[in-house]
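Undergrad: For reference, the sequence and a predicted model appear below.
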Amino acid sequence: MSLARTLRPLVRAAGASHASTSLTPLSRATLSRSARHGRQQLRCLSTTPQRRYEADNVTTEGEPYDLESMTPTPIFHLTETESAMKETVAKFANETILPKVREMDEAEKMDPAIVEQCFEQGLMSIEIPEKYGGAGMNFSAAIVGIEELARVDPSVSVMVDVHNTLVNTAILKYGTEESRKKWLPKLATNTVGSFCLSEPASGSDAFALKTKAEKTSDGYKISGSKMWITNSVEANFFIVFANLDPSKGYKGITAFIVDKDTKGFSIAKKEKKLGIRASSTCVINFDDVEIPASNLLGEEGQGYKYAIGLLNEGRIGIAAQMTGLAWGAWENAARYVWNDRKQFGSYVGEFQGMQFQLAQAYTDITAARALVFNAARKKEAGEDFVKDAAMAKLFASQVAGRVSGSAIEWMGGMGFVREGLAEKYWRDSKIGAIYEGTSNIQLQTIARLLQREYAA
Ligand SMILES: Cc1cc2nc3c(=O)[nH]c(=O)nc-3n(C[C@H](O)[C@H](O)[C@H](O)COP(=O)(O)OP(=O)(O)OC[C@H]3O[C@@H](n4cnc5c(N)ncnc54)[C@H](O)[C@@H]3O)c2cc1C
């Protein structure tokens with residue numbers, strides 16, 4: 001059964017129970033009643049699948065969250081919907097994606113059937129409300145799904161991540177109602193999206209972008225080149241950042257929607273990469289691409305704000321991709337050393353020198369996951385999560401690199417060959433420190449925010 005079908009009733013139930021219970025502060029009587037039953041009543045911050053996008057601090061019912069009155073849950077506590085997401089995606093990843101992972105990596109191509117199945121499963125519309133044909137879940141559910149996919153294939157995971165956390169969110173947050181009605185049903189069912197910010201001369205310094213937009217009698221004309229664009233082979237829908245008024249510097253940056261079929265749009269080059277090779281990464285040229293006025297996303301000159309906001313959220317998704325990857329690499333090696341490989345008459349995982357490394361790595365993964373879930377929960381609670389997202393991405397990518405590298409060594413020669421997946425996890429891990437802000441850029445963000453807090 002598809003994820004969408006499995007989850008929809010759960011989402012409705014979660015929404016209903018939320019409406020009736022979670023806005024009510026826990027009274028003393030409730031707490032003592034719970035205590036009498038031997039446990040305190042716990043409430044997960046993310047039992048709120050239908051948050052309003054217009055205002056981040058209110059529930060669907062328009063009432064403010066009463067966070068003070070909620071008893072915090074353990075950080076890895078999942079709601080019923082999120083648990084169902086985890087279970088269903090794990091099953092889908094193991095049964096459908098796993099048999100194709102090696103083949104897709106060798107071919108450097110995403111199997112179109114996998115893309116189609118991601119749509120069928122509801123994985124391409126996790127946060128899109130049901131009224132636009134989406135699965136209507138919350139941000140944490142997306143994080144859970146991205147992590148589970150990366151456990152098996154970080155390439156499929158990033159396709160789903162970019163589509164959901166950057167593209168769908170951009171339309172939900174900044175699109176007009178007309179554009180939501182036009183695009184979201186497509187993005188939910190059959191149209192992959194891409195997010196085009198980086199250019200040949202602007203990476204970390206993203207707002208130095210050179211792509212230009214100019215007004216025409218009935219819309220806009222875009223000219224320039226974008227580089228490193230994820231999903232560009234599979235996508236038909238592109239969010240493009242271009243400068244409408246370079247005299248205003250970054251304040252001229254504006255976001256537009258471009259359809260792949262528009263005249264003047266072309267894919268100039270597909271990159272051959274070290275890792276996440278099934279995920280397409282291309283250079284795109286915009287040669288006087290004319291679009292209608294309705295393809296303006298949000299307001300003119302607000303593109304830089306949108307990009308910052310979207311990437312802050314997106315980073316939690318990349319962090320989840322990295323924790324999923326680390327976990328997958330660890331499990332792959334753990335199974336081998338504890339079940340398959342014997343030396344000196346014992347499974348190699350029984351030697352203390354190996355056990356300590358496995359224990360340390362698992363601890364590191366758990367710490368990275370805690371940062372990821374904390375950032376996601378804070379975002380959902382409407383709290384400031386920018387530093388948390390940066391710390392999560394920084395640390396999760398470091399852990400992914402360390403654990404997947406060690407996992408190769410734990411498996412000896414079998415970790416080094418392309419028969420299994422150990423070497424692929426390590427290759428795939430390298431991207432975590434680069435896209436959606438390099439590790440230095442995350443450190444810069446963390447330090448800037450800390451300085452703001454601590455400098456006299
Ligand atoms: C596989 C892949 C997929 C991608 N997908 C997308 C996508 O879908 N959409 C999109 O818009 N972009 C995408 N990108 C682009 C990605 O976001 C950029 O590669 C990234 O922001 C880094 O830019 P850069 O590669 O130009 O590196 P540079 O900015 O040239 O950085 C090179 C080095 O200099 C360091 N550095 C730069 N500035 C500073 C500073 N101020 N302080 C300290 N160190 C600094 C960096 O940390 C890095 O180590 C993708 C990239 C890759 C490789």
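TA: The structure has been received and is ready for your questions.

Undergrad: following the least confident helix or strand in the chain by mean pLDDT, which helix or strand comes up?
TA: Using mean pLDDT, DSSP states H and E, helix 28-36 stands out as the lowest-scoring helix or strand of the chain, at a mean of 32. Next along the chain after helix 28-36, taking DSSP states H and E as the criterion, comes helix 80-92.

Undergrad: Can you list the buried residues in that next one?
TA: 81-82, 84-86, 88-90, 92 (16 or more other C-beta atoms under 10 Å). For glycine as for every other residue, the C-beta is placed from the backbone atoms N, C-alpha and C.

Undergrad: tell me how far it is from the chain's mean position?
TA: Per C-alpha atoms, centre = their mean, to the nearest Å, the displacement of helix 80-92 from the mean C-alpha position of its chain is 16 Å.

Undergrad: Likewise for stretch 163-175?
TA: 12 Å.

Undergrad: Span of it from start to end?
TA: One end of stretch 163-175 sits 15 Å from the other (C-alpha to C-alpha, to the nearest Å).

Undergrad: quick one: contacts of it?
TA: 53, 123-128, 134, 142, 146, 179-180, 183-184, 187-188, 192-195, 231, 237, 239, 255, 297-298, 302, 306, 309-311, 313-314, 316-317 (C-beta atoms under 8 Å, 6 or more residues apart in numbering).

Undergrad: Residue numbers of the stretch 101-250 of the chain in contact with the ligand?
TA: The stretch 101-250 of the chain comes close to the ligand at residues 162, 195-198, 203-204, 228-230, as judged by C-beta under 6 Å from any ligand atom.

Undergrad: which helices and strands sit right next to the longest helix anywhere in the chain?
TA: Looking across the chain with DSSP state H, the single longest helix is helix 303-335. Packing partners of helix 303-335 (3 or more C-beta pairs under 8 Å, 6 or more residues apart in numbering; DSSP states H and E): helix 139-152, helix 154-161, helix 169-174, strand 235-243, strand 253-259, helix 352-380, helix 386-410, helix 422-429.

Undergrad: Please work out how many residues are found near R452.
TA: 9 (other C-beta atoms under 10 Å).

Undergrad: Could you check stretch 376-395 and say which residues are buried?
TA: 376-382, 385-395.

Undergrad: ditto for stretch 271-279
TA: 273, 275-279.

Undergrad: likewise stretch 341-354?
TA: Those would be 348-349, 354, for stretch 341-354 by 16+ other C-beta under 10 Å.

Undergrad: Then stretch 297-305?
TA: So for stretch 297-305, counting by 16+ other C-beta under 10 Å, buried means 297-298, 300-305.

Undergrad: low-confidence ranges in the stretch 51-200 of the chain?
TA: Counting by pLDDT under 70, the stretch 51-200 of the chain has low-confidence residues at 51-67.

Undergrad: mind running it again at 90?
TA: The stretch 51-200 of the chain contains residues with pLDDT under 90 at 51-73.

Undergrad: Dihedrals phi and psi, the residue of the stretch 1-150 of the chain found nearest the ligand?
TA: In the stretch 1-150 of the chain, the residue that lies nearest the ligand is E108 (12.0 Å; C-beta to the nearest ligand atom). Main-chain torsions, E108, degrees, to the nearest 10: phi 50, psi 50.

Undergrad: With the one 10 residues further on instead?
TA: According to degrees, to the nearest 10, the main-chain angles of C118 amount to phi -60, psi -40.

Undergrad: Check the burial of it by counting its neighbours.
TA: Around C118 there are 26 residues (other C-beta under 10 Å).

Undergrad: who in the stretch 301-450 of the chain is up against the ligand?
TA: 431, 434-438, 440-441, 444.

Undergrad: Tell me how many other residues surround the residue nearest to G314 when sequence neighbours are not counted.
TA: Excluding the flanking residues, the one nearest G314 by C-beta to C-beta, 6 or more residues apart in numbering is T165, at 4.6 Å. Neighbourhood size, T165 [other C-beta under 10 Å]: 27.

Undergrad: before we move on, what about G309?
TA: 16.

Undergrad: how close does it sit to the ligand?
TA: 15 Å (C-beta to the nearest ligand atom, to the nearest Å).

Undergrad: got the contact list for that residue?
TA: By C-beta under 8 Å, 6+ apart, the neighbours of G309 are K173.

Undergrad: One more: the one 3 residues further on?
TA: By C-beta under 8 Å, 6+ apart, the residues touching N312 are 385-386, 389.

Undergrad: any chance of those residues in CSV, with pLDDT too?
TA: Converted to CSV, the contacts of N312 look like this (pLDDT from 0 to 100):
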residue, pLDDT
F385, 98
V386, 98
A389, 98
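
Undergrad: could these be laid out in JSON lines, adding distance to K269?
TA: Shown next, in JSON lines, are the contacts of N312 (distance: C-beta to C-beta, whole Å):
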{"residue": "F385", "distance to K269": "36"}
{"residue": "V386", "distance to K269": "34"}
{"residue": "A389", "distance to K269": "31"}
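
Undergrad: which of these lies closest to the ligand?
TA: A389 (14.9 Å).

Undergrad: what's near enough to touch that closest one?
TA: Contacts of A389 by C-beta under 8 Å, 6+ apart are 312-313, 315-316, 319, 375, 379.

Undergrad: Can you tell me the number of residues neighbouring F286?
TA: Residue neighbour count, defined by other C-beta under 10 Å, stands at 25 for F286.

Undergrad: Correction: the previous question concerned K186.
TA: K186 has 15 nearby residues by other C-beta under 10 Å.

Undergrad: could you give the angle of the helix or strand hosting it to strand 235-243?
TA: Following DSSP H and E, one finds K186 within helix 177-189. Helix 177-189 runs at 140 degrees relative to strand 235-243, counting by axes from the mean of the first three to the mean of the last three C-alpha atoms, to 10 degrees.

Undergrad: Quick one: residues in contact with the next helix or strand after helix 177-189.
TA: As assigned by DSSP H and E, the chain's next helix or strand after helix 177-189 is strand 192-196. With C-beta under 8 Å, 6+ apart as the contact definition, strand 192-196 has outside contacts at 115, 124, 159, 162-163, 166-168, 170, 187, 226, 229-232, 234-241, 284, 310.

Undergrad: Now list the buried members of the residues you listed.
TA: Members of the contacts of strand 192-196 classed as buried by 16+ other C-beta under 10 Å are 115, 124, 159, 162-163, 166-168, 170, 187, 226, 229-232, 234-241, 284, 310.
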